[in-house]
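1. can't give you the sequence, but here's the structure:
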């Protein structure tokens, strides 16, 4: 068996005049978690739909579990599980009945599905709710049931398309724990997300896409290193000190300082020693600060540096269309 679970070369997809994908290259090794990171309209969902055989590419090549997604779609479907942006469960069926329905779709034996359902309800902490209608579930419980349904047939490869969309912080953290447990059990995961913290927490390898193209690729730490290592941040007391603080920090930084309201930050090198120089520069300019810290850059910093806009925004016509039609092909 090949060590490559997903292999994509030059993937292109057009929707009329809209070029949703513009030559995506992507490789996912077996047992790995790869995060496909980008804003609405970047092409994340389109990529997953092609890989799961729900869409055909305009051009390019993609294989999943060694099978071409166009030439051997049935073989691909037998190897994968898919959880989309919105839970694909029947609200009028109980949790157990939902898993039984998915087992029927996979033509699995009733005995196997019963045993598998018990295992999955335990794994996803849903045993007490197994015989309740899904409409009585909370948002987090529905997402866990949806994920359980995608695992009934024990797929070796799992596609998670923005799995925590719409969840509250507590439910999101709970689902992260479930995903980490699946990975520990050997599942290969391709995760799409616009939450930078989510990619940082879950993915071993991150592919950043924007406007249908790959714009960066690497581990979280490698991507952070691309924008200059550590950053120094100060929070000012007086708005009139912003200009002076930008100048003071730029004088000790490895790049230009920027301001966001009363918060001024700049890339720096030299570790904690730069804090002393920064304090002296600020003090020499008579600038009062309420907080000062040295931190590693976040993936938010990386995305802003790479694209010129934050991950939740996409100023292109494609991005605007994606926000209006969330969950459609453009997103």
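-> Thanks, I have it. Given the structure is predicted, the values throughout are model-derived calculations rather than measurements. Numbering: from 1, shown residues only.

2. okay, CA-based contacts and neighbour counts for the rest of this
-> Noted.

3. measure residue 110 to residue 234 for me?
-> Between residue 110 and residue 234 the distance is 61 Å, computed by CA to CA, to the nearest Å.

4. and these two? which has more neighbours close in?
-> Neighbours of residue 110 and residue 234, each counted by other CA atoms under 10 Å, are more numerous for residue 234; the result is 24 against 12.

5. my read: the more buried one touches residue 293, true?
-> Yes - under the criterion of CA atoms under 8 Å, residue 234 is in contact with residue 293, at a separation of 6.5 Å.

6. any shared contact partners between the two?
-> Counting by CA atoms under 8 Å, 6 or more residues apart in numbering, residue 234 and residue 293 have no common neighbour.

7. Provide a list of residues in contact with residue 207.
-> Listed by CA under 8 Å, 6+ apart, the contact partners of residue 207 are 26, 34, 35, 36, 37, 214, 215, 216, 217, 218.

8. Mind doing that once more with 10 Å?
-> For residue 207, the contacting residues are 25-27, 34-38, 192, 199, 213-220, 223, taking CA atoms under 10 Å, 6 or more residues apart in numbering as the criterion.

9. next one: phi and psi at it?
-> Backbone torsions of residue 207, given as degrees, to the nearest 10, read phi -110, psi 120.

10. Can you tell me the closest non-neighbouring residue to residue 4?
-> Using CA to CA, 6 or more residues apart in numbering and skipping residues adjacent in sequence, the residue nearest residue 4 is residue 29, 4.5 Å away.

11. burial of that neighbour, as a residue count?
-> Other residues lying near residue 29 total 16 when counted by other CA under 10 Å.

12. Name every strand pairing with the helix or strand in which residue 158 is found and say which way it goes.
-> Of the helices and strands defined by DSSP states H and E, residue 158 is found in strand 157-161. Next to strand 157-161 in the sheet, as set by DSSP bridges, lie strand 80-83 (parallel), strand 188-193 (parallel).

13. and residue 9, which of the ones you listed is closest to it?
-> Put simply, out of those the one that sits nearest residue 9 is strand 188-193, at 15.9 Å, with distance taken as CA to CA.

14. circling back: just the buried ones from the contacts of residue 207?
-> Those of these that meet the buried threshold are 25-27, 34-38, 192, 199, 213-214, 216-217, 219-220, 223, by 16 or more other CA atoms under 10 Å.

15. Inside strands: which ones of the residues you listed?
-> When DSSP state E is applied, the buried ones among the contacts of residue 207 are split such that 25, 26, 27, 34, 35, 36, 37, 192, 213, 214, 216, 217 fall in strands.

16. Walking through the stretch 201-331 of the chain, point out its helices one by one.
-> The residue ranges that make up the helices of the stretch 201-331 of the chain, judged by DSSP state H, counting those that start in this stretch, are 220-225, 242-252, 273-284, 299-307, 317-324.

17. want to throw these into TSV with mean pLDDT?
-> Listed next are these as TSV, based on pLDDT from 0 to 100:
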stretch	mean pLDDT
helix 220-225	82
helix 242-252	93
helix 273-284	89
helix 299-307	75
helix 317-324	37
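
18. Now render the ones you listed as a markdown table, adding distance to residue 56.
-> Below are the helices of the stretch 201-331 of the chain laid out as a markdown table (distance: least, CA to CA, whole Å):
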| stretch | distance to residue 56 |
| --- | --- |
| helix 220-225 | 31 |
| helix 242-252 | 50 |
| helix 273-284 | 53 |
| helix 299-307 | 28 |
| helix 317-324 | 19 |
